[in-house]
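Q: Following is a predicted model, sequence given first.
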Amino acid sequence: MTIDVVGVSKRFKSFTALDNVSLHVRSGELVALLGPSGSGKTTLLRIIAGLDWPDAGEVRFDGEDALERTVRDRNVGFVFQHYALFRHLNVFENVAFGLRVRTGKDKVPDATIRAKVEELLHLVQIDWLADRYPGQLSGGQRQRVALARALAISPRVLLLDEPFGALDAKVRKELRRWLRQLHEELPVTSLLVTHDQEEALELADRVVVMGHGRIEQVGTPSEVYDNPATAFVHDFIGETLALPTDVRDGRLYAGDKPLALDSQGVADGPARLLARPHDVDLADPDAAPFAGRVLAVRTFGPTRRADIEIPGRNGPVVVEAAVPHQQDLPTGGLIGLVPRRYRVFNANA
Amino acid sequence: MSAGRQSLSFRQRSVIPGFGLTFGLTVTWLSLIVLIPLAALVLKTTELSFDRFIAIVTAPRTLHALGISFGISFAAALVNAVFGTIVMWALVRYDFPGRRIVDAIVDVPFALPTAVAGISLTALYAPNGWVGSLLEPLGIKVAYTPLGILIALVFVGLPFVVRTVQPVLADLDKQYEEAAASLGASRGQTVWRVVLPTIWPALLTGFALAFARGVGEYGSVIFIAGNMPNVSEIAPLLIVVRLEEFRYADATAIAVVMLLTSFILLFIINRLQQWTERRTTES
Amino acid sequence: MSVAEIAPPAATPARVVRRAPPVHTEPAGVRIAIIAVALTFLALVIGLPLVLVFVQAFAKGWQAYVAALVDPDALAAIELTLIVAAISVALNLVFGLVASWCIAKFEFPGKSFLITLIDLPFSVSPVVAGLVFILLFGSQGLLGPFLQDNDIKIVFALPGIVLATVFVTFPFVARELIPLMQEQGTAEEEAAISLGASGLSTFFRVTLPNVKWALLYGVLLCNARAMGEFGAVSVVSGHIRGLTNTMPLQIEILYNEYQFAASFAVASLLALLALVTLCAKTLLEKRIAKDH
């Protein structure tokens, strides 16, 4: 099923949670909403689910107006951040809940419920926990129960709010792989909210990067990583080395020094040159566009990083550069920085 | 400080001083005020032969009094469980003018002396009272009947139910209700299958507390009850009656029965509270 | 994938719900009905009786009200009530502090049993509480002959009334303090002692300031109950007018003599005390929440 969000806005008192957001999700796709806290991603998910209502805009499921239906009739599977498992029901009954509450002509026979729940518990690999209560489960197990419960109603859309947020790092990685695999087997259109870029990039078909209630960029993981559309996306995803520059007459300057670098069509004014640390080479300070003083060099595992202080518009700024293992870099010495791949953005944008 | 030195092996070591002193004082004071007097009751009972004890306890008037105390307390606790839940729900979930004042009023039975409540409820529900005069034409008599006892015990027990359940509902994360709704449950189904089971242990605890309080209640009941032996005479009143007749053995025997039942209730309440805690805290 | 598809519920006709999603609340009609039932119930059981106390007290006018209060027996009852409350509250204040220090700051076997014992008076009928003192100190009581030989009067006198009151108000202070002090732990006391403070100065400079509002709250509740206690005091007092009648007992006597206005006049004082206690409670609860 497809999801269309058209021009959705939502305010909470004076805070704008969503500002004219539009998004198209294709059928069977797994899309990650990625952004820092307060970016509006959870609000968007809750509006799609029918737990919140927008002030303006439309939400369509397969072209049909979803806002006319309450969450109850929308048939979405929602996995809550802290799972919201019913503590007084065991795992089996938690998963069966959505089927048990159907009455009248929709009533599901007991045998069907049993078969469906057993199948789901098998699918999420916790059939041996059917009689346990949520309080007796580990975080990862609760996560699987929450997912099975959401899937039990054969949802048209699966919505997951920070599904791995409450888990420790190791379990998180394992479950992430498992969820991706599950999605391949059971291609329900899925939307996942996360603030963890690694999670979004590894798991999703497409990533929606959100900031300040707006969508900054939509694209595949490699698109948003390699070709960030805005400075916000560049800063938020992956490591960023930011160098202060100015654009004058369409040319890049570092202070008064003209640079032999492409200004990428950015309008005149202060600008930021953004690059991944591994796309910046160290060079002779006299021959490089940027130069600075080495403050410290750190080694952790395979990576080596140097804090380099370079002059900026308002005093010196410290950037963190990648250092090849064999290179000798004395603290206090001058070093040049040559960006190989970079993007230039207006500093005020 | 010999007590302190002795107790070093008995308690876990701590740098904070004063264990021996405070422990000694606590135990001494508890013994003087609570334990020895209660022991006196038990000792006095042993002066009775077993047959005599059974004879007193199974006398029709005693059985009636105990039956009224326990039966009406149970009914009052039930009324409070239902209406207390409604009151609590309105206080936690809805906003209405005067909500904070109404919330404070729930505590009045905790603070208002029982004798004051007793005469006031009687005046209110007497045939010429504000409410009693409205019920009279309908043929409902409240004051000086068992129904009056019920009203008094409802008054006394209400805050126990409300104050036990209120924090549990207030702390209930709204995501549980959202989860139920997203799974297709109607509002009624959500309340019935998700919210009520969550507050159920607390409700049972509140019920038990109100019940236990009702069984021992005296002051607010005796004015409104009419105190007719075998009809509207409560067990605590029968103890007082026997004392005034200098039938100490009878008073003691009834008191022992009441004390034992309150111990059993206390035990059950403790268990319920542990259950509530287990239910409401994430492991 | 092999998961058997259970068809979603038959599509209900689209309802227009563009505004306020009714996820965590009931329809307006149900909401209003619940509030109405709650308010009616509270009015019938608590509100009207409270109002009625004051209406009845002034039923015969101001002068009758004042006359009822300055009646020598009423004044004696007020005086006795104040004395009993002062002694009981003071005793239970000291005990409450001592017991909660012992329970909250130390680990020792039998602690939960000790807490149960402290809570015990809550679950004993006030009449039984009075009875035990009669059985202990009454003329036919265990210590009766000894007391008579030495001409000591406990029952039907001030000591008996105080004992019974102390018994029923016993848990109030300790109950407020123990959970708060347990939650606050021992880190601050340990810090004070490591900085060289003595046990007493640790208590007065560190522990007491941390629990002062809860302590005040406990004292208020203890005081309200001490002044209002009826059942236990009624059993041990002997109802001697002008001598061993506390205010609640005076209310009973006047009421039974059909002096309703006078009875409600005395009752209005206790009702006022209850209202003041509740106001203070509301204010204090905010302070205590801050200490947590």
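A: Arrived safely, thanks for sending.
Q: which strands and helices sit next to the host helix or strand of residue C:223?
A: Taking DSSP states H and E as the criterion, residue C:223 maps to helix C:208-228. For helix C:208-228, the elements it packs on are helix B:108-111, helix B:114-125, helix C:72-105, helix C:158-169, helix C:171-184, helix C:247-256, helix C:260-291, judged by 3 or more CB pairs under 8 Å, 6 or more residues apart in numbering or on different chains; DSSP states H and E. In this view, the C-beta of every residue, glycine as well, is placed from N, C-alpha and C.
Q: If we go by neighbour counts, what in the third one is buried?
A: Pointing back at helix C:72-105 there. The neighbour-count check on helix C:72-105 (16 or more other CB atoms under 10 Å in any protein chain shown) flags C:73-74, C:76-78, C:80-81, C:84-85, C:87-89, C:91-93, C:95-105 as buried.
Q: and the residues you listed near chain B, which?
A: Restricting the buried residues of helix C:72-105 to those near chain B by CB under 8 Å from any CB of the partner chain leaves C:95, C:98-99, C:101-103, C:105.
Q: show me what contacts the one residue in the stretch 51-200 of chain A that gets nearest to chain B?
A: Closest to chain B within the stretch 51-200 of chain A is residue A:98: 3.4 Å, counting by CB to the nearest CB. Taking CB atoms under 8 Å, 6 or more residues apart in numbering or on different chains as the definition of contact, the neighbours of residue A:98 are A:149, A:152-153, B:183-185.
Q: ok, now residue A:38?
A: Taking CB under 8 Å, 6+ apart, we find residue A:38 in contact with residue A:212.
Q: swap in residue B:25?
A: Residues in contact with residue B:25 (CB under 8 Å, 6+ apart) are C:95, C:98-99, C:102.
Q: Quick check: which element contains it?
A: helix B:19-30.
Q: the inter-axis angle of that helix versus helix C:72-105?
A: Compare the direction of helix B:19-30 with that of helix C:72-105 by axes from the mean of the first three to the mean of the last three CA atoms, to 10 degrees and you get 140 degrees.
Q: Show me what the helix or strand that comes right after helix B:19-30 is in contact with.
A: Stepping forward along the backbone from helix B:19-30, the first helix or strand reached (DSSP H and E) is helix B:36-46. Helix B:36-46 is contacted from outside by B:53, B:248-249, B:252-253, B:255-256, B:259, C:120, C:124, C:128-129, C:131-133, C:135-136, C:141-142, C:167, using CB under 8 Å, 6+ apart.
Q: Please name the residues that touch the closest residue in space to residue C:120 that isn't next to it in sequence.
A: For residue C:120, ignoring the flanking residues on the chain, the nearest one in space by CB to CB, 6 or more residues apart in numbering or on different chains is residue B:34 at 5.8 Å. Residues in contact with residue B:34, defined by CB under 8 Å, 6+ apart, are C:117, C:120-121, C:167, C:170.
Q: ok, now residue B:72?
A: When the contact criterion is CB under 8 Å, 6+ apart, the partners of residue B:72 are B:146, B:149-150, B:153, B:214, B:234.
Q: for residue A:83, same thing?
A: Counting by CB under 8 Å, 6+ apart, the residues that residue A:83 touches are A:134, A:142-143, A:145-146, A:166.
Q: In helices, which of the residues you listed appear?
A: Per DSSP state H, helices hold the following members of the contacts of residue A:83: A:142-143, A:145-146.
Q: one step back: dump the contacts of residue B:25 into JSON lines; add pLDDT and distance to residue C:188 as well.
A: Supplementary listing: these in JSON lines, determined by pLDDT from 0 to 100; distance: CB to CB, whole Å:
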{"residue": "C:95", "pLDDT": "92", "distance to residue C:188": "23"}
{"residue": "C:98", "pLDDT": "93", "distance to residue C:188": "19"}
{"residue": "C:99", "pLDDT": "92", "distance to residue C:188": "20"}
{"residue": "C:102", "pLDDT": "91", "distance to residue C:188": "17"}
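Q: Could you find which two of those residues are furthest from each other?
A: Checked with CB to CB, the contacts of residue B:25 reach their widest spread between C:95 and C:102, with 10.5 Å between them.
Q: Would you mind listing the residues touching both of the two?
A: Shared contacts of residue C:95 and residue C:102, counting by CB under 8 Å, 6+ apart, come down to B:25-26.
Q: okay, how far is it across stretch B:176-188, tip to tip?
A: 14 Å (CA to CA, to the nearest Å).
Q: In contact with the residue nearest the centre of chain C, which residues are there?
A: The centroid of chain C falls nearest to residue C:221 when counting by CA atoms, centre = their mean (4.0 Å). With contacts defined as CB under 8 Å, 6+ apart, the neighbours of residue C:221 are B:110-111, C:172, C:176, C:277, C:281.
Q: ok, the ones next to chain B among the buried residues of helix C:72-105 vs residue C:241, which is closest?
A: Minimum distance to residue C:241 across these is 32.1 Å, recorded for residue C:95 (CB to CB).
Q: For the closest one, which non-adjacent residue is spatially closest?
A: Distances taken as CB to CB, 6+ apart put residue B:29 closest to residue C:95, at 5.2 Å, once the chain neighbours are dropped.
Q: Contact partners for that neighbour?
A: Residues in contact with residue B:29, defined by CB under 8 Å, 6+ apart, are C:95, C:98-99.
Q: While we're on it, how confident is the model there?
A: Residue-level confidence at residue B:29 comes out at 89, pLDDT.
Q: ok, now residue A:349?
A: Looking at residue A:349, its pLDDT reads 60.
Q: before we move on, the earlier item: so of the contacts of residue B:72, which ones are in helices?
A: When DSSP H defines the helices, the subset of these inside them is B:146, B:149-150, B:153, B:214.
Q: so which of those residues would you say is closest to chain A?
A: Taking CB to the nearest CB as the measure, chain A sits nearest to residue B:214 out of the ones in helices among the contacts of residue B:72, at 28.0 Å.
Q: The helix or strand where residue A:115 lies near chain C at all?
A: If you go by DSSP H and E, residue A:115 is part of helix A:110-123. Yes - applying CB under 8 Å from any CB, one finds helix A:110-123 in contact with chain C at A:112, A:115-116, A:119-120, A:123.
Q: And for stretch A:125-136?
A: No - under the criterion of CB under 8 Å from any CB, chain C is not reached by stretch A:125-136; the shortest gap measures 13.5 Å.
Q: what about that stretch, distance to the chain center?
A: Computed by CA atoms, centre = their mean, to the nearest Å, the separation of stretch A:125-136 from the middle of its chain amounts to 30 Å.
Q: Not counting residues beside it along the chain, what's closest to residue C:138?
A: Spatial nearest neighbour of residue C:138, excluding adjacent residues (CB to CB, 6+ apart): residue C:155 at 5.0 Å.
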